[in-house]
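Trainee: for reference, the sequence and a predicted model appear below.
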Amino acid sequence: MKHILITGASPGGIGFHCALRLKEQGYRVVGTVRSREDAEALASKGVPSIHMEMSDYASIDSGFNNAMTLLDNRIDVVFQNAGFGQAGFVEDLPVEAFEEQFKVNVFGLHHLNTLVIPFMHQQGEGRIVIHSSVLGFVGMACRGAYVASKYALEGMVLSMRVEMKDSGIEFCLLNTGPVESKFRANALKALLKHVDVEHSVNKDRYNEIVLPRLNKPDYESAGNYPQEYVFNALEHAINARKPKANYYITPPTKALYWLEKLLPKRQLDRLLRVVDR
């Protein structure tokens, strides 16, 4: 029975869905949450949780210690799922927005990895599965900070694979596309926190394209795919003898993977402008 830690396991999100599905299959699972209500929601489904703020290294330290107690000091898999998307055109975003984006999506994730990896070295094996994105290999408008954070993760994992070859520790990236979650609601909060839409040179683009899209719940969007798509990839990453380095999840992600390789950059840019409307 594998012992698994999942970050970002709040109700309605991909981590919550995956935690419940893994629990159903007999794995020992602990999820990280940020509120008592979220902890109670997981507990009601039989999944224990610990509090962890990915922007706070001390919280990561204490949360990890608590998680290891619940996991009897063994961790076979960590699913690094926690994160958010800072929306906003790059020219409108202050440095603080990029700092917050990287603090959660990259630096907090890395800090947790530095706690997990010594245990996996002692065990002689382990798997670190990181939730990346289609935006880890293509860029789209009004998502520059998020794109930058995902590109950073992709690069970090490339180096770690080389550095830790033959360690018994495997690294997998889940490049998801449009999947049902609370991503848009959280992106909207981040946008309004850092961007003065009314005084932006991009005001019309925000009002005509960005805000209508972010105000529409993910589950109402016909183009979004069920969270089970992510779970199926995660399950393979956990159990396969030779897991994939990257899992390209949902048909749009797979299509863009090939288009990015085949199309000239300027042609790809034109395509991404069209599909983003």
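Mentor: It's in.
Trainee: over to I169: give its phi and psi.
Mentor: Backbone geometry at I169, expressed as degrees, to the nearest 10, gives phi -100, psi 120.
Trainee: could you check how far the closest residue to I238 other than its chain neighbours is from E154?
Mentor: Distances taken as C-beta to C-beta, 6 or more residues apart in numbering place V77 nearest to I238, at 5.4 Å, with adjacent residues excluded. For glycine as for every other residue, the C-beta is placed from the backbone atoms N, C-alpha and C. Distance, V77 to E154, using C-beta to C-beta, to the nearest Å: 20 Å.
Trainee: neighbour-wise, which of those two wins?
Mentor: Neighbour totals were compared for V77 and E154, and V77 leads with 24 against 16 (other C-beta atoms under 10 Å).
Trainee: who's that one bridged to?
Mentor: I4, R127 (DSSP bridges).
Trainee: contacting residues for it?
Mentor: Contacts for V77 (C-beta atoms under 8 Å, 6 or more residues apart in numbering) come out as K2, H3, I4, L5, G126, R127, I128, V129, I238.
Trainee: pretty sure the second one sits against N73.
Mentor: No. Under the contact definition of C-beta atoms under 8 Å, H3 does not touch N73, with a separation of 9.1 Å.
Trainee: give me the more crowded residue out of these two.
Mentor: Neighbour tally, H3 and N73, criterion other C-beta under 10 Å: the higher count belongs to H3, 22 against 10.
Trainee: separation between the more buried one and N81?
Mentor: 16 Å.
Trainee: now do the helices in the stretch 1-150 of the chain.
Mentor: Secondary structure of the stretch 1-150 of the chain, counting by DSSP state H, counting those that start in this stretch: helices at 14-24, 36-43, 57-70, 95-102, 109-123, 144-163.
Trainee: just the CA trace of the fifth one, in PDB.
Mentor: As requested, the backbone C-alpha atoms of helix 109-123 are provided in PDB (Å, rounded to 0.1, in the frame of the first residue of the first chain):
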ATOM      1  CA  LEU A 109       6.800  23.500  -4.200                       C
ATOM      2  CA  HIS A 110      10.600  23.300  -4.200                       C
ATOM      3  CA  HIS A 111      10.800  23.700  -0.400                       C
ATOM      4  CA  LEU A 112       8.400  20.800   0.100                       C
ATOM      5  CA  ASN A 113      10.500  18.700  -2.300                       C
ATOM      6  CA  THR A 114      13.600  19.400  -0.200                       C
ATOM      7  CA  LEU A 115      11.700  17.900   2.800                       C
ATOM      8  CA  VAL A 116      10.300  14.900   0.800                       C
ATOM      9  CA  ILE A 117      13.400  13.800  -1.100                       C
ATOM     10  CA  PRO A 118      15.600  12.800   1.900                       C
ATOM     11  CA  PHE A 119      12.900  10.300   3.000                       C
ATOM     12  CA  MET A 120      12.800   8.900  -0.500                       C
ATOM     13  CA  HIS A 121      16.500   8.600  -0.600                       C
ATOM     14  CA  GLN A 122      16.400   6.600   2.600                       C
ATOM     15  CA  GLN A 123      13.700   4.400   1.200                       C
END
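Trainee: cheers, nothing more for now.
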